[in-house]
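> Quick check, what structure comes out for this input:
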Amino acid sequence: MFSTNDFIFTSETTPDVTTDLVGCVSQVEELIGVADAINVTDSPNCKSRLNSLLVASEIKRSGLDVILQLTGRDRNQIALESVLLGALSVGINKVLCLSGDQPDKNGPAVVNEFNGNGLIELCKVISGGTLSDGTAIKNPLPIYSGAADDLYAQLSKPDALDKLVSKLEQGASFVQTQYCFDYDVIKQYSERLNDEGSFNNCKVIVGMGPLKSAKQGDWMRKNLWGVNISDEILLRLEESKSPVETGEEICQELIEKIMQLPCIGGVHLMGPNCEKGSARIISHFK
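Next comes the predicted model:
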């Protein structure tokens, strides 16, 4: 998927607080045969959910490719290596490596033995056929690790690009970014990556998502890290007679404009209960 020159579409699903595995998997049915892959999140916002690898495995069995999100927040080296071996054993070989949302001081205890960079390096070690301690893996398989990025940080922090390039050097083969609904920001970002010259063999997938209302968008930009949504977009949603349709149209319009930008290889559609809306957006282009 990451070696093709095609513009790719990924989406996202978050397992519920439930014991209903079938119900969790059914949420992505409309994306099967439509999306190139779907991310399964890893207990976002420090909230326990049905195990992400279990959900990802069942989605993979349904015929939809999976990118497993993995954080270093909750697991030590032993647990992380076990998860990665488990993922490979069921055909999941794409992992978005994240440090993870951090709880406040009164929240649950965290491990944080590995951050996103450390997880990328760990994936590289396991792809080489051993565990961190040198133990040989029977039937080793490669892992395609991915890094997260923030377009606004790239344009405002002088060292941000060097940090992203270092993740590629550590082994990352794709990048998925935080939300961006601003064409000019995406264009500047693409030009910055293109000028750097290290991203020709790396899929950079820009994040956005089908906003359902101005209220939702306002809450997201105030409460979720890395989410930037302009007042102009919120006003358009607020004035719309059908904000759900308008939210999807905003994504479609932006995707059409960025598909030919250098170093932009796809779009990642995310957000609360975004699966059906994402499927409609992607279907518009296929």
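
> Spit out the contact partners of Ser173.
With contact set as Cβ atoms under 8 Å, 6 or more residues apart in numbering, Ser173 has these partners: Phe2, Tyr144, Ser145, Gly146, Asn201, Cys202, Lys203. The C-beta positions use only the backbone N, C-alpha and C, and glycine is treated the same way.

> what's in contact with stretch 143-153?
Outside stretch 143-153, the residues that touch it by Cβ under 8 Å, 6+ apart are 2, 67, 84, 87-88, 93-98, 116, 119-120, 123-124, 126-127, 160, 164, 167-168, 171-178, 180, 185-186, 189, 204, 206, 226, 228.

> how about the helices in this structure?
Using DSSP state H, the helices of the chain run over residues 21-26, 52-61, 77-89, 116-127, 151-156, 160-170, 183-196, 214-223, 231-239, 243-258, 275-283.

> In TSV, list these along with mean pLDDT and distance to Ile264.
Conversion of the helices of the chain to TSV gives the following (pLDDT from 0 to 100; distance: least, Cβ to Cβ, whole Å):
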stretch	mean pLDDT	distance to Ile264
helix 21-26	96	30
helix 52-61	98	26
helix 77-89	98	27
helix 116-127	98	21
helix 151-156	94	11
helix 160-170	96	14
helix 183-196	96	5
helix 214-223	91	22
helix 231-239	95	20
helix 243-258	97	5
helix 275-283	97	16
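
> Need the ones you listed in a markdown table (columns: distance to Val34).
As requested, these are exported to a markdown table (distance: least, Cβ to Cβ, whole Å):
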| stretch | distance to Val34 |
| --- | --- |
| helix 21-26 | 15 |
| helix 52-61 | 13 |
| helix 77-89 | 23 |
| helix 116-127 | 27 |
| helix 151-156 | 25 |
| helix 160-170 | 29 |
| helix 183-196 | 23 |
| helix 214-223 | 23 |
| helix 231-239 | 24 |
| helix 243-258 | 14 |
| helix 275-283 | 5 |
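
> of all those helices, which lies closest to Gln102?
Of all those, it is helix 116-127 that lies closest to Gln102, at 12.6 Å by Cβ to Cβ.

> for the closest one, the distance to its chain's centre please.
Helix 116-127 sits 17 Å away from the centroid of its parent chain (Cα atoms, centre = their mean, to the nearest Å).

> Alpha carbons of it, in CSV - could you do that?
Output in CSV follows, covering the C-alpha atoms of helix 116-127 (Å, rounded to 0.1, in the frame of the first residue of the first chain):
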residue,chain,number,x,y,z
GLY,A,116,6.9,7.2,19.4
ASN,A,117,10.5,7.2,18.3
GLY,A,118,11.4,4.3,20.5
LEU,A,119,8.5,2.3,19.1
ILE,A,120,9.7,2.9,15.5
GLU,A,121,13.1,1.6,16.5
LEU,A,122,11.5,-1.4,18.2
CYS,A,123,9.6,-2.2,15.1
LYS,A,124,12.8,-2.1,13.1
VAL,A,125,14.5,-4.5,15.5
ILE,A,126,11.6,-7.0,15.3
SER,A,127,11.5,-6.6,11.5
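
> what helices or strands is that helix leaning on?
If you count contacts as 3 or more Cβ pairs under 8 Å, 6 or more residues apart in numbering; DSSP states H and E, helix 116-127 packs onto helix 77-89, strand 94-98, strand 144-149, helix 160-170.
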